[in-house]
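Undergrad: coords please:
(one chain, ligands or ions: 2)
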Amino acid sequence: MTRPRLAVVGNPENRRVTMLLDAAARCGMPTPRVVSWREVLSEGGARFDPDELVRLDSPGEDPDVDALLRGPGDPTRIAEGPRWYASLLAAVGTLRGGRRLTDPLDLAVLFDKRRCHAALASHRVPVPISPTSGDEAPVPRNWPEVRELAAAAGLRRFFVKPAHGSSAAGVVAVETAPGGRVQARSSVEIAADGVYNSLRVRRLSGDAEVGALVDALAGECLHIEAWLPKPSRRGRAADLRIVVVAGHATHAVLRTSAHPMTNLHLGGQRGDLDAARAGFDSAGFGWGQALAVAERAAACFPRTLCVGVDLLPAADWRSAAVGEVNAFGDLLPGLTGLPGRADGLDTYAAQLAAIEGWADAAAA
Ligand SMILES: Nc1ncnc2c1ncn2[C@@H]1O[C@H](COP(=O)(O)OP(=O)(O)O)[C@@H](O)[C@H]1O
Ligand SMILES: [Mg+2]
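TA: Numbering: from 1, shown residues only. Ligands and ions are numbered 1, 2, ... in the order given. Below is the predicted model:
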């Protein structure tokens, strides 16, 4: 076939877009055409040529785009997640022509943690137990309902997450003790005029304080799942982000943190990947099997070229579960590929290298 032409829908100043353009320049590809979300949202759509491969990228980090999707207000507030989600899917629906590298139906599942959990579970990918998996599951409307659903599922330690959130915004890690004592950790900040995402994880204690926080998030369509204990060393817990491109795990990062959420912007750090490999190998589970779990998770989204899988190793490294799958989980500057899988390539170069085979397979 002729060399594919790439278009990307994103925020042009976003580092994801500039890294993609850099990777294209390095491998001698024609410069991808950038279509901004702002243009798509304000002009009611965009049109692509039949042979253009269309990558959808994050609409995040642009206050104007955020306002168009979520409604006007401070972009760091945690509010209107369901509206943001509906607006994003509607905007994707206004893109005409071309061939998608990011499938709209996959995107709809990836940006709904409840549906994503159900999709993974139905493909027998190991996931934490959840009483809110899928469209049919109850949506808790307040803290007493969250507590009740968690208790009925047998969960004493659990995560509460806005279904359409990302970057740990609104994520709360809750621990309950048999006597009714409750504590939690979250980066959410409650202010007089609403709830905000901060960059600091703090502790909340007692039913009243934790309940007030969860109640303030209750409009966000909440997902609840078991809090899986992570392996830890010197007080830092660890999990992994694994990037899967065209079905193959190509990049992995060990993330370590003193907090239950390891997101890098919340103080998580890149750890020594060899320690993870050795952990899985010496526990008898095996590094290869850990990568295979991530690939099985990605296989639930076969029409999307690249996803980022949050892989949660068991505390003893003898198994691994999937916390979530991210549509835009490939922003990992300076990371080269796994040996024998994407040698010397960053996450964007690896996607460009996979594109031709992918485009042919998609056309077949
Ligand atoms: N069920 C879980 N058990 C243990 N840790 C979890 C669980 N779910 C999420 N985490 C931790 O919390 C972080 C944020 O959760 P995640 O679902 O990825 O939300 P977001 O999409 O907002 O980043 C994850 O990166 C992981 O470190
Ligand atoms: Mg995540």
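Undergrad: alpha carbons only for contacts and neighbour counts from here, please
TA: Will do.
Undergrad: Hmm, residue 163 is touching residue 111, no?
TA: Yes - when contacts are counted by CA atoms under 8 Å, residue 163 is listed as touching residue 111 (7.4 Å).
Undergrad: Neighbour count: the two, which is higher?
TA: Set residue 163 next to residue 111 and count neighbours by other CA atoms under 10 Å: residue 163 wins out with 25 against 22.
Undergrad: Next, give phi and psi for residue 157.
TA: phi -120, psi 120 (degrees, to the nearest 10).
Undergrad: now swap in residue 202 and tell me
TA: phi -120, psi 170.
Undergrad: Just confirm residue 127 contacts residue 323, I think it does.
TA: Yes - Residue 127 lies in contact with residue 323 (CA under 8 Å); the separation is 6.5 Å.
Undergrad: So for the two, which sits in the more crowded spot?
TA: Neighbour count, other CA under 10 Å: between residue 127 and residue 323, residue 323 has more, with 25 against 21.
Undergrad: residues in contact with that one?
TA: 127-128, 309-312 (CA atoms under 8 Å, 6 or more residues apart in numbering).
Undergrad: And residue 76, by the same measure?
TA: Residue 76 touches 196-198, counting by CA under 8 Å, 6+ apart.
Undergrad: swap in residue 141?
TA: Here residue 141 is in contact with 215, 218-219 (criterion: CA under 8 Å, 6+ apart).
Undergrad: just checking, residue 227 touches residue 171?
TA: No - Residue 227 lies out of contact with residue 171 (CA under 8 Å); the separation is 11.7 Å.
Undergrad: Tell me which of these two has more neighbours.
TA: Higher neighbour count among residue 227 and residue 171: residue 171, with 25 against 20, using other CA under 10 Å.
Undergrad: Tell me where the stretch 101-250 of the chain has strands.
TA: 157-162, 172-176, 182-191, 194-205, 222-226, 232-233, 236-245, 248-257 (DSSP state E, counting those that start in this stretch).
Undergrad: average pLDDT for the second one?
TA: Rounded to a whole number, the mean pLDDT of strand 172-176 is 98.
Undergrad: And for the fourth one?
TA: Here the mean pLDDT over strand 194-205 is 95, rounded to a whole number.
Undergrad: what residues does the stretch 101-250 of the chain put near ligand 1?
TA: 128, 159, 165-169, 225-228 (CA under 6 Å from any ligand atom).
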